[in-house]
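Trainee: My questions are about this predicted structure, shown below with the sequence.
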Amino acid sequence: MAILLGCIADDFTGATDLAGMLQQAGMRTIQIIGVPSTPLPADTAADAVVIALKSRTTPARQAVEDSLAALQWLKSAGCRQFYFKYCSTFDSTDRGNIGPVIDALMEATGSEITIACPAFPENERTVYKGHLFVGDTLLAESGMRNHPLTPMTDSNLPRVLQRQTRHTVGLIEHRIVAAGSNAIHESLLQLQTQGVKIAIVDATSNADLVQIGAACAPFPLVTGGSGLALGLPQNFRAQGLLHPVEPAQQAPSTDGLRAILSGSCSQTSQAQLRHILDYGVPGFALDPLQLAATSDALPRLVDDVMAWATPRVENGPVIVYATAAADKVKRVQSALGAERAGAIIEEALAAIAKRLVEAGVRQLIVAGGETSGAVVTALGINRLRIGRQIDPGVPWTVSLGDRPIALALKSGNFGSTDFFEKAWDKVP
Ligand SMILES: Nc1ncnc2c1ncn2[C@@H]1O[C@H](COP(=O)(O)OP(=O)(O)OP(=O)(O)O)[C@@H](O)[C@H]1O
Ligand SMILES: O=C(O)[C@@H](O)C(=O)CO
């Protein structure tokens, strides 16, 4: 069985976001953690595969290497088109990794031109005249300016991407997008004659994304947020290549204790944390400075968390978090360095996840992409089935294997304020 659409996501929450969107748009979708060493079993029923990498904040060279390995695997699976998924807030730095990965994937897919479109209107990410908006606010004036690892301080996407790529970046403005897929396609071909290789594309609505998807049918590579997924299935459906998503292919049910781990410091996650603590769910706050103080601090802290969690988790969900406001994060980062602080906390939350699962937790919410990457890797999970959507961009998933675990990998910025409370209503 050949897969039609091969996707490479630069983080784990982004991967489930994309997998959920594709499944909703009618493609049978499987999420794979990291690049597999073997092909998919011959009887796997899937139209799209999303490979989740943890390449958003690794050194650019590593991100390129991992993305090319994913591409190679997807090519061997027979994929006809490739999709590089990054964050709807274009999370990156001047070193990458969006630009270097696009450059490498373009070369490896023989692409003359591709698009870059992070818009996700359902979650209020829109692109207009090349500027990225989060709600009514320009990206650089949103909470993203304080992101612990990829602070976004420029809202002009052609300018941001041009600093990361060796290719010329162009722009397809909204008046062309509004004229429909033929106009977008013509504009891409015209930009190509002018030497442009990557076009930022304006999009302010789902209808725009559907037109953009149609315009991209002939291109081997597309890049963007998960919103772009709305427009691609139609191209395969028009060729009679899609099969209906059967209930049997959706996530199996799980049973067990419940926990929440939050390493995201977004304003959304902070509000969700305050809400769930006010609601009465027991919480344990990790102290990054304490974790970094001595070499045995981590195992001791994990023991402390388990001693605290064990009697409580029998009665309902518990939350363990490093989530903190920007001023607190800055204090920790100036003491430890941003990378080290992030890595220590990820390591701690991953170790806690393992112990919680050993103690019987089978339904787990994880907030934050880097955090989810660390947790899912530590749990040794390698494939996920996509379940019901909790909020736009956040579906429940269930790990495939002997010991299924329901996982909701929540992007930092996604979900309503009561997300940690209401998610359980839809748990598989
Ligand atoms: N109190 C803290 N001080 C410093 N760094 C922190 C703190 N709490 C969490 N971090 C780190 O901040 C980073 C948050 O990134 P993560 O990707 O998990 O969340 P996010 O960016 O909000 O989510 P997403 O990528 O889904 O949008 C992680 O590396 C985490 O370890
Ligand atoms: O696109 C988004 O905003 C999310 O899927 C994401 O990538 C968060 O890490």
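Mentor: Ah, there it is. Residues are numbered from 1 along each chain as shown. Ligands and ions are numbered 1, 2, ... in the order given.
Trainee: can you give me the helices for the stretch 151-300 of the chain?
Mentor: When assigned using DSSP state H, counting those that start in this stretch, the helices of the stretch 151-300 of the chain occupy the ranges 157-162, 174-178, 181-193, 206-215, 233-238, 267-278, 288-293, 297-313.
Trainee: What helices and strands are in contact with the third one?
Mentor: Just to be clear, that refers to helix 181-193. When contacts are defined as 3 or more Cβ pairs under 8 Å, 6 or more residues apart in numbering; DSSP states H and E, helix 181-193 packs onto strand 168-172, helix 174-178, strand 196-201, helix 206-215. C-beta coordinates here come from the backbone N, C-alpha and C atoms, glycine included.
Trainee: To ligand 2, which of those lies closest?
Mentor: helix 206-215 (13.0 Å; Cβ to the nearest ligand atom).
Trainee: Residue of the stretch 101-250 of the chain closest to ligand 1, please.
Mentor: Residue nearest to ligand 1 within the stretch 101-250 of the chain: residue 148 (3.7 Å; Cβ to the nearest ligand atom).
Trainee: Quick one: mean pLDDT over stretch 115-132.
Mentor: If you average the pLDDT over stretch 115-132, you get 97.
Trainee: ok, now stretch 155-170?
Mentor: pLDDT averaged over stretch 155-170 gives 98.
Trainee: Need the contact partners of it.
Mentor: 90, 92, 94-100, 102-103, 106, 116, 118, 127, 130-133, 138-141, 152, 154, 171, 191, 194-200 (Cβ atoms under 8 Å, 6 or more residues apart in numbering).
Trainee: Quick one, which of those are buried?
Mentor: For the contacts of stretch 155-170, a neighbour count by 16 or more other Cβ atoms under 10 Å gives the buried set as 90, 92, 96-100, 102-103, 106, 116, 118, 127, 130-133, 138-140, 152, 154, 171, 191, 196-200.
Trainee: before we move on, back to that, measure how buried the residue of the stretch 101-250 of the chain closest to ligand 1 is and give me the count.
Mentor: With neighbours defined by other Cβ atoms under 10 Å, the count for residue 148 comes to 25.
Trainee: so it sits right up against residue 265, yeah?
Mentor: Yes. With contact defined as Cβ atoms under 8 Å, residue 148 counts as touching residue 265 (5.6 Å).
Trainee: so what sits against both of these two?
Mentor: residue 329.
Trainee: Name the residues of the stretch 301-428 of the chain found near ligand 1, please.
Mentor: 322, 324, 328-329, 332-333, 341-342, 345-346, 368-371, 411-413 (Cβ under 6 Å from any ligand atom).
Trainee: List the ones among the residues you listed that fall in helices.
Mentor: Among those, the members found in helices (DSSP state H) are 328, 329, 332, 333, 341, 342, 345, 346, 369, 370, 371.
Trainee: Closest one to ligand 2 out of the residues you listed, please.
Mentor: So of those, ranked by how close each gets to ligand 2 (Cβ to the nearest ligand atom), first place is residue 369, at 3.4 Å.
Trainee: Farthest-apart pair in the ones in helices among the residues of the stretch 301-428 of the chain next to ligand 1, please.
Mentor: 328 and 369 (20.1 Å; Cβ to Cβ).
Trainee: Please identify which of these two sits among more neighbours.
Mentor: Taking neighbours as other Cβ under 10 Å, residue 328 and residue 369 compare with residue 369 leading, 31 against 13.
Trainee: Grab the longest strand from this structure for me.
Mentor: The strand that spans the most residues within the chain, counting by DSSP state E, is strand 383-391.
Trainee: Just the buried residues of that strand, please?
Mentor: Neighbour counts using 16+ other Cβ under 10 Å place 383, 384, 385, 386, 387, 389, 390, 391 of strand 383-391 among the buried residues.
Trainee: For it, which strands pair with it and how are they oriented?
Mentor: Taking DSSP bridges as the criterion, strand 383-391 forms sheet pairs with strand 29-33 (antiparallel), strand 394-399 (antiparallel).
Trainee: Other residues contacting the first one?
Mentor: Taking Cβ under 8 Å, 6+ apart as the criterion, the residues outside strand 29-33 that touch it are 12, 15-16, 19, 22-23, 40, 44, 46-52, 376-377, 381-386, 397.
Trainee: 7 Å - rerun?
Mentor: 15-16, 19, 22-23, 44, 46-52, 376, 381-384, 386, 397 (Cβ atoms under 7 Å, 6 or more residues apart in numbering).
Trainee: Quick check: the residue of the stretch 101-250 of the chain found nearest ligand 2 vs residue 137, distance?
Mentor: Across the stretch 101-250 of the chain, no residue is closer to ligand 2 than residue 225, which sits at 4.4 Å (Cβ to the nearest ligand atom). According to Cβ to Cβ, to the nearest Å, residue 225 stands 17 Å off from residue 137.
Trainee: same check, this time on residue 19
Mentor: Plainly put, residue 19 is 28 Å away from residue 137 if you go by Cβ to Cβ.
Trainee: So those two - more neighbours on which side?
Mentor: For residue 19 and residue 137, the more surrounded residue by other Cβ under 10 Å is residue 19, and the numbers stand at 29 against 13.
Trainee: now residue 83, nearest residue through space, not along the chain?
Mentor: residue 7 (4.3 Å; Cβ to Cβ, 6 or more residues apart in numbering).
Trainee: That neighbour contacts residue 17, doesn't it?
Mentor: No. The criterion here is Cβ atoms under 7 Å, and residue 7 misses it with residue 17 at 10.9 Å.
Trainee: For the residue in the stretch 201-350 of the chain that ligand 1 sits nearest to, the count of nearby residues, please.
Mentor: Using Cβ to the nearest ligand atom, the closest approach of the stretch 201-350 of the chain to ligand 1 is made by residue 342 at 2.9 Å. By the measure other Cβ under 10 Å, the count of residues near residue 342 is 25.
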